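Q: everything below, folded, please.
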Amino acid sequence: MALEINDIYVSTREGKEIVKGVSLKIKEGEFHVIMGPNGSGKTTLAKAIMGYPGLKITSGRIMFNGEDITALTPDKRARLGIFLQFQNPIEIEGVGFVNFLRAAKESVSNSTVDMKQLMAEIKTGVGSLSITNGIVGRSLNHGFSGGEKKKAEILQMSVLKPKIALLDEPDSGLDIDAIKVVAENINEVARKEKTGLLVITHYNRILTYMKPEFVHIMSDGRIIAEGKHELIEKLEKEGYDSFLNSKGKPNTTVVNDGKV
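A: The predicted model follows:
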């Protein structure tokens, strides 16, 4: 089981090109991380994989288990087992958190949810994520803190059990203790369900609790370096400029193992 991104170019509906020829393959159970400066196209790439309607894939293909899903709507991709955790989850007043989870689970599983079992899963997730019990009875993300929103999205992931999870900055808005809790929960879901992970982050802190097998560095809409955990260490010591030349373009001496 694998998600394959084959040389995709992504533009906004207004025609601004943001992703410029990215190829990536995520197999079942693999853990990939993408790092890069602001504006490098990381979030746009994740949204394009999920089928975000405000974006247009102008070239290339997205394949899932050998099927071309480039033209599929987000709901159909979700039913296949692809999950996106948003960088900035929106608040939806009037849509209950539990009702949302029930509807989402019924949609992706195409079956009626056992509410007793669902509530047990939610209770377990609330406990393991150290979430305030009060959010369960509230509208989706309404009045949640930044950290609560991120934890609520990881709770959704644990309930929906996706085959591929795209996690856009799951560590933003979290304090040090919460980062560890979130990382441990992501690890646990991925281990149990053999979920393929693509985590987008700016910082190494969450990666001290999650050990990526594959590291990708993005800049100006392209992946400019790939390697193992050693690539993160190089990034921490030398910054993104070490991957660029004096003109701000990718350093052509950087090769796939992250060494120069």
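
Q: A helix includes Leu3, no?
A: No: with DSSP: H, G, I helix; E, B strand; the rest coil as the criterion, Leu3 is strand rather than part of a helix.

Q: ok so Leu24 is a strand residue?
A: Yes: the assignment for Leu24 is a strand, going by three-state DSSP.

Q: check contacts around it.
A: Contact criterion CB atoms under 8 Å, 6 or more residues apart in numbering gives Glu4, Ile5, His32, Leu198, His216, Ile223 as the residues in contact with Leu24. Where you see a C-beta, it was placed from the backbone N, CA and C, and this is true even at glycine.

Q: name the member of these with the most neighbours.
A: Using other CB atoms under 10 Å as the contact criterion, the top neighbour count among those goes to Leu198, which has 26 neighbours.

Q: now name the helix or strand holding that one.
A: With the criterion set as DSSP states H and E, the secondary-structure element containing Leu198 is strand 196-200.

Q: name the residues that touch that strand?
A: With CB under 8 Å, 6+ apart as the contact definition, strand 196-200 has outside contacts at 1-3, 24, 26-35, 42-43, 46, 49, 87, 163-170, 186, 190, 206, 210, 212.

Q: and the residues you listed, which of them are in helices?
A: Lys42, Thr43, Ala46, Ile49, Ile186, Ala190 (DSSP state H).

Q: looking at those residues, which one is closest to Gly239?
A: Nearest to Gly239 among the ones in helices among the contacts of strand 196-200, counting by CB to CB, is Lys42 at 16.6 Å.

Q: correct me, but that closest one touches His216?
A: No: when contacts are counted by CB atoms under 8 Å, Lys42 is not listed as touching His216 (9.3 Å).

Q: now the common contact residues for the two.
A: Ile34, Met35.

Q: residue boundaries of the strands in the stretch 51-200 of the chain?
A: Under the criterion DSSP state E, counting those that start in this stretch, the stretch 51-200 of the chain contains strands at 55-64, 67-68, 82-85, 92-96, 139-140, 164-168, 196-200.

Q: first vs last residue of stretch 219-231, how far apart are they?
A: From its first residue to its last, stretch 219-231 covers 15 Å (CA to CA, to the nearest Å).

Q: tell me the predicted confidence for Asn88.
A: As predicted, Asn88 sits at a pLDDT of 86.

Q: and the one 4 residues further on, by the same measure?
A: Confidence at Ile92, expressed as pLDDT, is 91.

Q: residues in contact with the residue nearest to it when sequence neighbours are not counted?
A: Beyond its immediate neighbours in the sequence, the residue positioned closest to Ile92 (CB to CB, 6 or more residues apart in numbering) is Leu140, lying 4.4 Å away. Under the criterion of CB under 8 Å, 6+ apart, the contact partners of Leu140 comprise Glu91, Ile92, Val95, Gly96, Phe97, Phe100, Ala152.

Q: run a quick neighbour tally on Asp68.
A: Asp68: 12 surrounding residues under other CB under 10 Å.

Q: which strands and helices sit next to the lowest-mean-pLDDT helix or strand in the chain?
A: Least confident element among the helices and strands of the chain, by mean pLDDT, DSSP states H and E: helix 229-238 (a mean of 88). Taking 3 or more CB pairs under 8 Å, 6 or more residues apart in numbering; DSSP states H and E as the contact definition, the neighbouring helices and strands of helix 229-238 are strand 31-35, strand 214-219.

Q: between it and strand 31-35, how many degrees?
A: Direction vectors for helix 229-238 and strand 31-35, defined by axes from the mean of the first three to the mean of the last three CA atoms, to 10 degrees, enclose an angle of 20 degrees.

Q: Ile179: which of the helices and strands packed on helix 229-238 is closest?
A: Distances from Ile179 to each of the helices and strands packed on helix 229-238 were compared by CB to CB, and the smallest falls on strand 31-35, at 14.4 Å.

Q: hang on, the earlier thing: for the residue nearest to Ile92, give its distance to Phe97.
A: Taking CB to CB, to the nearest Å as the criterion, Leu140 is separated from Phe97 by 5 Å.

Q: overlap of the contact sets of those two?
A: Taking CB under 8 Å, 6+ apart as the contact criterion, the residues that touch both Leu140 and Phe97 are Ala152.
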